[in-house]
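>>> Provided below for reference: sequence and predicted model.
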Amino acid sequence: MSSIVNLSVQQREHGDLIDRVFAECGVDVRRCYQCGKCSAGCSVHICNGMDVSPNRVMRMIQLGMEEEVLNTKSIWACVLCSTCTARCPRDIDVPRVMDALRIMAKKRGITKGFYNASVFHDIFMNSIIRHGRVYEAGLLVSLKLKQSGTMFADLPIGIPAIINVAFRLPKLPPKMKNQDQIRKVVENCMRIEGEN
């Protein structure tokens with residue numbers, strides 16, 4: 001027998017999560033009425049890339065299930081394509097909510113199960129800060145060293161790919177005119193998100 005949950009009571013008792021998500025991204029998750037259009041259009045969910053569907057993530061926030069939602073694979077698997085937002089009859093910006101949940105999880109140190117996504121994000125952003133844009137060769141080297149401790153972990157299966165990539169990628173980081181301005185924008189965003 002299933003139990004009945006009174007959503008109004010749950011929101012009253014656990015509304016602080018909804019309010020903190022709103023403060024982080026400006027999206028009111030209370031508006032979601034669980035039509036499921038976001039999940040039906042999500043290519044990552046359809047391919048079983050998420051452990052919890054996008055509409056269930058919204059419901060978990062509504063129910064105040066903070067620990068559970070911050071520990072889902074879904075918030076890290078979301079590719080922020082905005083298909084869900086385009087389909088939502090309530091105009092809920094689901095990718096902004098997912099990004100806010102990532103920020104909240106990162107602040108609390110909840111990334112151990114999603115280490116690769118977190119490492120990629122950090123290396124990607126550091127590349128932008130340092131060079132003004134992504135330096136692909138440096139990203140590849142840094143990512144391989146952080147994830148496996150060696151550049152040669154994938155050698156047995158990827159020698160042709162590595163050779164192909166090595167010859168096509170620029171050898172030195174690109175020079176950008178406004179590199180300092182880009183660095184300031186990123187640092188300001190990180191300060192706002194509380195990462196600095």
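Arrived safely.
>>> quick one, what contacts Thr83?
Going by CB atoms under 8 Å, 6 or more residues apart in numbering, Thr83 touches Gly41, Cys42, Ser43. For the C-beta atoms, the positions are set from N, CA and C on the backbone; glycine is no exception.
>>> make it 10 Å
Under the criterion of CB atoms under 10 Å, 6 or more residues apart in numbering, the contact partners of Thr83 comprise Lys37, Cys38, Ala40, Gly41, Cys42, Ser43, Val44, Pro54, Val94, Pro95.
>>> what degree of burial does Ala86 show, as a neighbour count?
Each residue near Ala86 was counted by other CB atoms under 10 Å, and the total is 11.
>>> how near is it to Asp93?
For Ala86, the distance to Asp93 equals 10 Å [CB to CB, to the nearest Å].
>>> give me the buried subset of the contacts of Thr83.
The neighbour-count criterion (16 or more other CB atoms under 10 Å) marks Lys37, Cys38, Gly41, Cys42, Val44, Pro54, Val94, Pro95 among those as buried.
>>> for the residues you listed, which one is nearest Ser3?
Pro54 (23.7 Å; CB to CB).
>>> lowest pLDDT pick from the buried ones among the contacts of Thr83?
In terms of pLDDT, Val44 ranks lowest among the buried ones among the contacts of Thr83, with 89.
>>> can you list phi and psi of Ile46 for me?
Taking degrees, to the nearest 10, you get phi -60, psi -30 for the backbone angles of Ile46.
>>> check contacts around it.
Residues in contact with Ile46, defined by CB under 10 Å, 6+ apart, are Ser39, Ala40, Ser53.
>>> which stretches of this structure have low pLDDT?
Within the chain, the segments meeting pLDDT under 70 span 1-2, 14, 113, 149-171, 195-196.
>>> quickly find the element holding the residue nearest the centre of it.
In the chain, the C-alpha closest to the average C-alpha coordinate belongs to Trp76, at a distance of 4.4 Å (CA atoms, centre = their mean). Under the criterion DSSP states H and E, the helix or strand holding Trp76 is helix 74-77.
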